[in-house]
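In: sequence? don't have it. structure:
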(Lines give C-alpha, C1' and ligand atoms only; values in the text may rest on other atoms or scores of the structure.)
Protein backbone atom coordinates (compact mmCIF):
# COMPACT_ATOMS: atom_id res chain seq x y z
CA UNK A 1 0.00 0.00 0.00
CA UNK A 2 2.86 2.43 0.83
CA UNK A 3 4.46 1.85 -2.57
CA UNK A 4 1.48 3.24 -4.43
CA UNK A 5 2.47 6.37 -6.45
CA UNK A 6 -0.29 8.53 -4.94
CA UNK A 7 0.79 7.71 -1.39
CA UNK A 8 4.41 8.59 -2.17
CA UNK A 9 3.33 11.85 -3.81
CA UNK A 10 1.23 12.83 -0.79
CA UNK A 11 4.07 11.97 1.57
CA UNK A 12 6.45 14.22 -0.44
CA UNK A 13 3.89 17.01 -0.48
CA UNK A 14 3.33 16.67 3.27
CA UNK A 15 7.11 16.89 3.92
CA UNK A 16 7.39 19.90 1.59
CA UNK A 17 4.51 21.63 3.37
CA UNK A 18 5.99 21.01 6.83
CA UNK A 19 9.41 22.25 5.65
CA UNK A 20 7.81 25.37 4.18
CA UNK A 21 5.93 26.15 7.39
CA UNK A 22 9.10 25.76 9.46
CA UNK A 23 11.10 27.92 7.04
CA UNK A 24 8.39 30.59 7.00
CA UNK A 25 8.27 30.70 10.79
CA UNK A 26 12.04 30.93 11.10
CA UNK A 27 12.38 33.58 8.38
CA UNK A 28 9.51 35.55 9.88
CA UNK A 29 11.22 35.49 13.25
CA UNK A 30 14.34 37.02 11.68
CA UNK A 31 12.64 40.06 10.20
CA UNK A 32 11.28 43.28 11.61
CA UNK A 33 9.84 45.98 9.39
CA UNK A 34 10.45 49.62 10.13
CA UNK A 35 10.39 52.89 8.24
CA UNK A 36 13.49 55.01 7.71
CA UNK A 37 12.73 58.71 7.33
CA UNK A 38 14.65 60.50 4.60
CA UNK A 39 15.72 64.13 4.88
CA UNK A 40 13.32 64.90 2.00
CA UNK A 41 10.44 63.46 4.04
CA UNK A 42 10.19 60.38 1.85
CA UNK A 43 9.44 57.13 3.61
CA UNK A 44 11.42 54.06 2.64
CA UNK A 45 10.16 50.70 3.70
CA UNK A 46 13.22 48.67 4.54
CA UNK A 47 13.30 45.26 6.17
CA UNK A 48 15.65 45.37 9.12
CA UNK A 49 17.16 42.01 9.81
CA UNK A 50 17.74 40.72 13.31
CA UNK A 51 20.36 38.42 11.82
CA UNK A 52 23.03 40.28 9.86
CA UNK A 53 26.25 39.32 8.06
CA UNK A 54 28.41 39.77 11.15
CA UNK A 55 26.40 37.07 13.00
CA UNK A 56 28.40 34.30 11.37
CA UNK A 57 26.57 31.14 12.46
CA UNK A 58 23.05 32.51 12.47
CA UNK A 59 23.56 34.40 9.22
CA UNK A 60 24.73 31.19 7.57
CA UNK A 61 21.63 29.42 8.87
CA UNK A 62 19.43 32.24 7.59
CA UNK A 63 21.01 31.99 4.13
CA UNK A 64 20.44 28.22 4.06
CA UNK A 65 16.78 28.76 4.96
CA UNK A 66 16.46 31.36 2.19
CA UNK A 67 17.92 28.90 -0.31
CA UNK A 68 15.49 26.21 0.84
CA UNK A 69 12.60 28.64 0.41
CA UNK A 70 13.79 29.60 -3.08
CA UNK A 71 14.15 25.92 -3.98
CA UNK A 72 10.61 25.27 -2.79
CA UNK A 73 9.32 28.20 -4.87
CA UNK A 74 11.22 26.93 -7.92
CA UNK A 75 9.66 23.48 -7.54
CA UNK A 76 6.10 24.27 -6.48
CA UNK A 77 5.25 27.94 -7.12
CA UNK A 78 7.34 29.40 -9.96
CA UNK A 79 4.98 32.36 -10.36
CA UNK A 80 6.16 33.74 -7.01
CA UNK A 81 9.88 33.61 -7.88
CA UNK A 82 10.25 37.23 -8.96
CA UNK A 83 8.34 38.54 -5.93
CA UNK A 84 10.42 36.40 -3.57
CA UNK A 85 13.66 37.56 -5.19
CA UNK A 86 12.51 41.19 -4.95
CA UNK A 87 11.86 40.74 -1.23
CA UNK A 88 15.26 39.06 -0.96
CA UNK A 89 16.83 42.08 -2.71
CA UNK A 90 15.21 44.26 -0.04
CA UNK A 91 16.80 42.05 2.63
CA UNK A 92 20.19 42.31 0.93
CA UNK A 93 19.85 46.10 0.79
CA UNK A 94 19.01 46.20 4.48
CA UNK A 95 22.03 44.01 5.28
CA UNK A 96 24.24 46.33 3.24
CA UNK A 97 22.87 49.34 5.12
CA UNK A 98 23.52 47.57 8.42
CA UNK A 99 27.12 46.85 7.43
CA UNK A 100 27.69 50.46 6.41
CA UNK A 101 26.08 51.84 9.59
CA UNK A 102 27.97 49.53 11.96
CA UNK A 103 31.18 49.86 9.94
CA UNK A 104 32.59 46.32 9.83
CA UNK A 105 34.25 47.00 6.48
CA UNK A 106 35.27 43.36 6.03
CA UNK A 107 31.66 42.52 5.14
CA UNK A 108 30.96 45.26 2.59
CA UNK A 109 32.33 43.27 -0.36
CA UNK A 110 30.41 40.12 0.60
CA UNK A 111 27.18 42.01 1.27
CA UNK A 112 27.36 43.93 -1.99
CA UNK A 113 28.16 40.70 -3.84
CA UNK A 114 25.05 39.04 -2.38
CA UNK A 115 22.96 42.05 -3.41
CA UNK A 116 24.35 41.91 -6.97
CA UNK A 117 23.71 38.17 -7.23
CA UNK A 118 20.14 38.54 -6.03
CA UNK A 119 19.50 41.37 -8.50
CA UNK A 120 20.91 39.22 -11.33
CA UNK A 121 18.62 36.33 -10.43
CA UNK A 122 15.74 38.76 -10.22
CA UNK A 123 16.46 40.21 -13.65
CA UNK A 124 16.38 36.70 -15.14
CA UNK A 125 13.02 35.92 -13.47
CA UNK A 126 11.04 38.85 -14.85
CA UNK A 127 9.27 37.66 -17.97
CA UNK A 128 5.99 39.56 -18.08
CA UNK A 129 4.76 43.16 -17.74
CA UNK A 130 2.70 42.18 -14.68
CA UNK A 131 5.76 40.79 -12.87
CA UNK A 132 7.76 43.82 -13.96
CA UNK A 133 5.23 46.20 -12.37
CA UNK A 134 5.21 44.27 -9.08
CA UNK A 135 9.00 44.16 -8.89
CA UNK A 136 9.34 47.83 -9.82
CA UNK A 137 7.10 48.81 -6.89
CA UNK A 138 9.20 46.71 -4.53
CA UNK A 139 12.54 48.11 -5.76
CA UNK A 140 11.76 51.68 -6.77
CA UNK A 141 13.49 53.20 -3.72
CA UNK A 142 16.72 51.20 -4.06
CA UNK A 143 18.61 53.82 -6.13
CA UNK A 144 17.86 56.62 -3.64
CA UNK A 145 18.82 54.45 -0.66
CA UNK A 146 21.99 53.21 -2.34
CA UNK A 147 22.98 56.77 -3.30
CA UNK A 148 22.70 57.86 0.34
CA UNK A 149 24.59 54.76 1.45
CA UNK A 150 27.34 55.32 -1.12
CA UNK A 151 27.72 58.96 -0.10
CA UNK A 152 28.73 57.87 3.40
CA UNK A 153 32.04 56.82 1.82
CA UNK A 154 34.14 59.71 0.54
CA UNK A 155 36.45 57.29 -1.28
CA UNK A 156 37.75 53.73 -1.19
CA UNK A 157 36.57 50.27 -2.05
CA UNK A 158 33.37 50.52 0.02
CA UNK A 159 32.19 53.35 -2.19
CA UNK A 160 33.02 51.35 -5.32
CA UNK A 161 31.12 48.27 -4.13
CA UNK A 162 28.04 50.31 -3.31
CA UNK A 163 28.31 52.21 -6.61
CA UNK A 164 28.27 48.86 -8.38
CA UNK A 165 25.06 47.98 -6.49
CA UNK A 166 23.56 51.34 -7.46
CA UNK A 167 24.45 50.82 -11.13
CA UNK A 168 22.88 47.36 -11.04
CA UNK A 169 19.68 48.67 -9.41
CA UNK A 170 19.39 51.40 -12.04
CA UNK A 171 20.04 48.90 -14.82
CA UNK A 172 17.38 46.51 -13.52
CA UNK A 173 14.82 49.30 -13.20
CA UNK A 174 15.66 50.41 -16.74
CA UNK A 175 15.15 46.85 -17.99
CA UNK A 176 11.83 46.67 -16.14
CA UNK A 177 10.68 49.87 -17.84
CA UNK A 178 11.46 48.33 -21.24
CA UNK A 179 9.43 45.20 -20.40
CA UNK A 180 6.41 47.25 -19.42
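Out: Great, that's in hand. Everything quoted here is computed from the prediction, not taken from an experiment.
In: which residues in this structure form helices?
Out: 5-29, 56-76, 81-102, 108-125, 129-139, 142-150, 157-179 (DSSP state H).
In: State the distance from the residue most central in space within the chain to residue 176.
Out: Centroid-nearest residue in the chain: residue 88, 1.5 Å away (criterion: Cα atoms, centre = their mean). Remark: distance between residue 88 and residue 176 (Cβ to Cβ, to the nearest Å) = 16 Å. For every residue, glycine as well, the C-beta is placed using N, CA and C.
In: And residue 139, by the same measure?
Out: Distance from residue 139 to residue 176, by Cβ to Cβ: 8 Å.
In: Any idea how many residues pack against residue 148?
Out: By other Cβ atoms under 10 Å, the residues close to residue 148 number 16.
In: ok, for residue 142, nearest residue in space, not its chain neighbours?
Out: residue 169 (4.2 Å; Cβ to Cβ, 6 or more residues apart in numbering).
In: show me the contacts for the one you found.
Out: 119, 139, 142-143, 146 (Cβ atoms under 8 Å, 6 or more residues apart in numbering).
In: I'd like to know which of these is nearest to residue 83.
Out: Using Cβ to Cβ, residue 139 comes nearest to residue 83 of the contacts of residue 169, at 11.1 Å.
In: Hmm, residue 172 and the closest one touching each other?
Out: Yes: the criterion here is Cβ atoms under 8 Å, and residue 139 meets it with residue 172 at 6.9 Å.
In: Between those two, which is the more surrounded one?
Out: residue 172 (22 against 19).
In: where in the protein is pLDDT low?
Out: Low-confidence segments of the chain (pLDDT under 70): 1-5, 23-58, 104.
In: now with 50?
Out: 1, 30-48 (pLDDT under 50).
In: re the thing from before, determine which two of the contacts of residue 169 are furthest apart.
Out: Going by Cβ to Cβ, the pair spanning the contacts of residue 169 furthest: 119 and 143, at 11.8 Å.
In: and these two? which has more neighbours close in?
Out: residue 119 (23 against 16).
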